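>>> One predicted model, sequence on top.
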Amino acid sequence: MADLFDDALPAERAPERAAPLADRLRPRTLAEVIGQDHLTGPDGAIGRMVAAGKLSSLVLWGPPGTGKTSIARLLADAVGLRFVALSAVFSGVADLKKVFAESRDHARAGRRTLLFVDEIHRFNRAQQDGFLPFVEDGTVVLVGATTENPSFELNAALLSRCQVLVLHRLDEAALGSLLDRAEADVGRPLPLTEDARAALLASADGDGRFLLNQAEMLFDTAPAEPLDTAALRDLLQRRMPVYDKDREGHYGLISALHKSIRGSDPQAALYYLARMLTAGEEPLYLLRRLTRAAVEDIGLADPQALAQCMAAKDTYDFLGSPEGELAIVQACLYLATAPKSNAVYMAQKKAWKSAKDNGSLSPPKHILGAPTRMMRDLGYGDGYEYDHDAEEAFSGQDYWPEEMTPETYYRPTDRGFERKLAERLAWWDERRAQRPD
């Protein structure tokens, strides 16, 4: 993983000491961007573009504090483009028209523009359409940054003209390297115990900018003695998870919680949930793991398990802590006491493998739609039997590609609601077998 800076900052490169720590530690080359080697490395999409000297329009999608703005600025430098930045939060149509006009003038003079748009998903559909002609004719190379899923938030027309690159949240190693660089810049270590340092890293949740802002506050405070986890929590007014040296406080406890739910031990599950919540673990992290357990270990044995988790998430969003934590407890106990089945989980794995192994087989013609006359002439839709017109609303037709033998992915257990599903599937299979060829 690339380091953010060399161990010492040369005097001629040292920024003004009055600048915020996060600004002082901004990378100066793409090689110094931390945590995104899958993009900026020699084999990454950005690395290949820079090596070729050709840059296409991009959408950088990733969590806050992962380097989107820095990458855009450094891209412009690397390929010799003029850099212009806008925020969709503060910019409107007039700002865009001005940028496009100036960029066109610079293009005529032989210099193209990289237009960086932060929070691009905040532009409405009409504003997004306004980018299209200027991207198409090369007036600007657009680099948009978003924390939201581009497939939901950006126009299909704009997405088709951009390559979407996904930035990863910074892992513990990357965040630790950031703190190392911060200490080298300031010239002294952070005033924290080892456990408190680990808790500070965990509290950043992959956000490098947040981490550096918290570190700067600690440097400015300059306590006489290193702070432990409790003192750090009091200073920053954030609940800090207690992480010990072997990180049992995070990965070990979340594993114990999940396995206690899977093993139908509500008392143990509640104990581990309490351990994590009282230590300061993020409630939404726990809700995500509970939701995963609902679909992986319970599934259709009790379809309400997933609903309980989503309701707990909504309740926590509405009430906050500590009242909303009661909803998390309810969801945890519901999952631990629910009938268990991993049939949905296993069905997904088998179906995904089958889809990859069998390629792009066409469904049989009788279940294909026929919106045009040509398709109707070719026999699309011929012989389709409308199930609601059949006895028991079941025709028993074959829906599989002709080149493929029907397979069984989902095998319900005899536990909970899946017992009824097993009976239903057996009834359908029996009638399919009785259907004349």
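That came in fine, so what should we check first? The shown structure was predicted, so the numbers you read here are calculated from the model rather than taken from an experiment.

>>> got the residue ranges for the helices in the stretch 1-150 of the chain?
21-24, 37-40, 45-52, 68-79, 93-108, 125-129, 132-136, 150-153 (DSSP state H, counting those that start in this stretch).

>>> Any chance you could list what contacts the last one?
Under the contact criterion Cβ atoms under 8 Å, 6 or more residues apart in numbering, helix 150-153 has outside partners 59, 61, 121, 146, 159, 164. Where you see a C-beta, it was placed from the backbone N, CA and C, and this is true even at glycine.

>>> ok, back up a step: residue 385: which of the helices of the stretch 1-150 of the chain is closest?
helix 150-153 (35.4 Å; Cβ to Cβ).

>>> quick check, distance from the closest one to the centre of its chain.
13 Å (Cα atoms, centre = their mean, to the nearest Å).

>>> Let me see the contact set for residue 148.
If a contact means Cβ under 8 Å, 6+ apart, then residue 148 has 61, 121 as its contacts.

>>> 7 Å instead?
residue 121 (Cβ atoms under 7 Å, 6 or more residues apart in numbering).

>>> per-residue pLDDT, it?
On the pLDDT scale, residue 148 is placed at 83.

>>> now it: how far from residue 33?
Residue 148 sits 22 Å away from residue 33, taking Cβ to Cβ, to the nearest Å as the criterion.

>>> now do residue 161
25 Å.

>>> who's more crowded, these two?
A count of neighbours by other Cβ atoms under 10 Å puts residue 33 above the other of residue 161 and residue 33, at 23 against 15.

>>> these two touch, right, that one and residue 27?
Yes - with contact defined as Cβ atoms under 7 Å, residue 33 reaches residue 27; the gap is 4.9 Å.

>>> joint contacts of these two?
Residues touching both residue 33 and residue 27 (Cβ under 7 Å, 6+ apart): residue 70.

>>> per-residue confidence for the nearest residue to residue 149 once chain neighbours are set aside?
Nearest in space to residue 149, with sequence neighbours left out and distances taken as Cβ to Cβ, 6 or more residues apart in numbering, is residue 61 at 7.3 Å. pLDDT recorded at residue 61 is 92.

>>> list the contacts for residue 61?
Counted by Cβ under 7 Å, 6+ apart, residue 61 has contacts 146, 150, 164, 166, 167.

>>> Just the buried residues out of the residues you listed, in ChimeraX syntax.
Buried subset of the contacts of residue 61, written as a ChimeraX selection, criterion 16 or more other Cβ atoms under 10 Å:
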select :146,150,164,167
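
>>> which of the contacts of residue 61 sit farthest apart?
Largest separation among those by Cβ to Cβ: 150 and 167, giving 12.2 Å.

>>> And residue 164, its phi and psi?
The phi/psi pair for residue 164 (degrees, to the nearest 10) reads phi -90, psi 120.

>>> swap that for residue 163, sorry
According to degrees, to the nearest 10, residue 163 has phi -100, psi 130.

>>> I'd guessed it sits against residue 49; true?
No - Residue 163 is not in contact with residue 49 according to Cβ under 7 Å; the separation is 9.0 Å.

>>> So which of these two has more stuff around it?
More crowded of residue 163 and residue 49, by other Cβ under 10 Å: residue 49, with 18 against 14.

>>> Contacts only, for the closest residue to the more buried one other than its chain neighbours.
Using Cβ to Cβ, 6+ apart and skipping residues adjacent in sequence, the residue nearest residue 49 is residue 55, 5.2 Å away. Contacts for residue 55 (Cβ under 7 Å, 6+ apart) come out as 49, 75, 79, 141.

>>> What's opposite the last one in the beta bridge?
In this case it means residue 141. residue 114 (DSSP bridges).

>>> Per-residue pLDDT of it, please?
On the pLDDT scale, residue 141 gets 94.

>>> number of nearby residues for it?
Residue 141 has 25 neighbouring residues, counting by other Cβ under 10 Å.

>>> Next: residue 301.
23.

>>> returning to that earlier point: shared neighbours, residue 163 and residue 49?
Shared contacts of residue 163 and residue 49, defined by Cβ under 7 Å, 6+ apart, are found at residue 56.

>>> show me where pLDDT drops low in the stretch 201-350 of the chain?
237-250 (pLDDT under 70).

>>> the helices in it, which residues?
According to DSSP H, counting those that start in this stretch, the helices that the stretch 201-350 of the chain contains are 208-221, 229-236, 253-262, 266-279, 283-293, 304-319, 325-337, 343-358.

>>> okay if I get these as a markdown table plus mean neighbour count and distance to residue 136?
Listed next are those as a markdown table, based on neighbours: other Cβ atoms under 10 Å; distance: least, Cβ to Cβ, whole Å:
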| stretch | mean neighbour count | distance to residue 136 |
| --- | --- | --- |
| helix 208-221 | 18 | 34 |
| helix 229-236 | 18 | 48 |
| helix 253-262 | 20 | 48 |
| helix 266-279 | 18 | 51 |
| helix 283-293 | 19 | 40 |
| helix 304-319 | 18 | 41 |
| helix 325-337 | 21 | 49 |
| helix 343-358 | 13 | 35 |
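
>>> re earlier: beta partners of the residue nearest to residue 149?
residue 146, residue 166.

>>> From residue 401, how far off is it?
34 Å.

>>> same check, this time on residue 29
51 Å.

>>> Pick out whichever of these two has more residues nearby.
Taking neighbours as other Cβ under 10 Å, residue 29 and residue 401 compare with residue 401 leading, 15 against 11.

>>> Skipping adjacent residues, who's closest to the more buried one in space?
residue 361 (3.7 Å).
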